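*Asks:* I would like the atomic coordinates for the input below:
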Amino acid sequence: MKIKRYFAPTMREAMRRVRADQGADAVILGSESRDGGIELVAAIDYDAALLQQAVRRQSGAAEPAHPASTQAQPQDEAASRPAPGVWEQDPQLQRLQRELADVRRMLSTSLEQQTDATLRAHPQRARALRNLEALGIDSGLAREIAAHIPEQAAGPRQRNLPLALLARRLRVPGAAFYSAPTRLALIGPTGAGKTTTLAKLAARAVAADGAREVTLISMDGHRAGAEAQIGVYARLLGVPLRIVRGADELATALADCADCRHVFVDCAGTGPADSKLAALLPRLAAMKEGPQPLQTLLVLPANVQREDLLGAIARFAPAAPVAAALTKIDECSRFGGALSALIGTRTPLAWLADGQAVPRDLHRVDAGEVVLRAARQARAAQQQEFSEQQALREGTHA
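*Replies:* The predicted structure is shown next:
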């Protein structure tokens, strides 16, 4: 392994010198800003094991001494190896790792800027990028879609191509998901609208198959008034309600409802630090393969930041949700960020909720219709913002 340092006034020039000297297979080990330029550490024929050994030798680590023994003690091969994780703690190697991470971030930013410049150099792609970002679509996803727009695209059909490409990336469940008997547990963050969504789903089931084929189960004993709320819905729909505490009681209740076509379970909302409720999620996932299979539906509010939705999707992943329901569509001006989170995590979107009316304000998802609605909602928000700005300017000049 050949390690060498390179100094240049700019990162681009330093990278050029590395390639010219060591070729395209060179590995950047680190970088550091110095007076007047950038210093890179690069290697050819990179071998991580050799690097670790070199770092240990430089750190002066010595082999521990062991007292002599009068009887040979057998040692297996694993016991004779260095303890895992020791070399990662070496300060020099940690510094190299941090510098390598910095270089990667710099290169990633540079590539994004170059991609943006390339896209904006073509009018059709630039328009697609602007329109997607106006919906609230994540910039990375917007760039990816815009890059697939033909340079010569023109006309109404071509102008709608970015929306079609966006819809193609949004996963939705198949028809069997909606027609099969329902045994569904609703999970999600606090305040997402799980209980109202459950009532809407139960009302649709009652309308389709009758109240005798529907049972509600509540596990939400942590939130004040939760059982009273779902109790009201149960009485209005004329369906039985069972209250359970914990996964074991839930399994018993599901067995008792074996002859019921539709069973809906209302789970308590969980926050990031709620370890007790989070422990329930793997148990729910295990019930998917149990004698009374139970699926989970992740209920997410559309009126929060994309990063918060990504965190919620990751937090509830141990429950293995089969799909998601996006609520509070009527409470946000743009829900492109929510669509970006679902697309980025490959989470199917099954339901869209845009109000409190039961069951009217719950809609089965069609990917194309959802994207068109996002476009219309964003357009209306832009017009509203423009009107407010114009009124503000007129009021200022009055």
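*Asks:* Ala42 belongs to a helix?
*Replies:* No - counting by DSSP: H, G, I helix; E, B strand; the rest coil, Ala42 is located in no helix; its state is strand.
*Asks:* Touching, it and Tyr6? I think so.
*Replies:* Yes - assessed by Cβ atoms under 8 Å, Ala42 is found in contact with Tyr6 at 6.4 Å. To be clear about C-beta, it is placed using only N, CA and C from the backbone, and glycine gets the same treatment.
*Asks:* which residues are in contact with both of the two?
*Replies:* Residues touching both Ala42 and Tyr6 (Cβ atoms under 8 Å, 6 or more residues apart in numbering): Val18.
*Asks:* Tell me, how many residues neighbour the residue nearest to Pro240 when sequence neighbours are not counted?
*Replies:* The spatial neighbour of Pro240 that comes closest, neighbours along the chain excluded (Cβ to Cβ, 6 or more residues apart in numbering), is Thr215 at 5.3 Å. For Thr215, the neighbour count with other Cβ atoms under 10 Å is 25.
*Asks:* Now Thr215: phi and psi?
*Replies:* Main-chain torsions, Thr215, degrees, to the nearest 10: phi -130, psi 140.
*Asks:* Same question for Thr182.
*Replies:* According to degrees, to the nearest 10, Thr182 has phi -110, psi 120.
*Asks:* So what pairs up with it in the strands?
*Replies:* On the basis of DSSP bridges, Thr182 is bridged to His262.
*Asks:* Next one: it relative to Leu129, how far apart?
*Replies:* In this view, Thr182 and Leu129 are 41 Å apart by Cβ to Cβ, to the nearest Å.
*Asks:* Ala320 too?
*Replies:* According to Cβ to Cβ, Ala320 and Leu129 sit 35 Å apart.
*Asks:* Then Leu163?
*Replies:* For Leu163 relative to Leu129 (Cβ to Cβ), the value is 13 Å.
*Asks:* what about those two, which has more around it?
*Replies:* Just comparing Leu163 and Leu129: by other Cβ under 10 Å the higher neighbour count belongs to Leu129, 24 against 19.
*Asks:* so what pLDDT did the closest residue to the more buried one other than its chain neighbours get?
*Replies:* Residue nearest to Leu129 in three dimensions, not counting chain neighbours: Ala146, with 4.2 Å by Cβ to Cβ, 6+ apart. Looking at Ala146, its pLDDT reads 86.
*Asks:* And for the one 3 residues further on?
*Replies:* Ile149 is assigned a pLDDT of 83 by the prediction.
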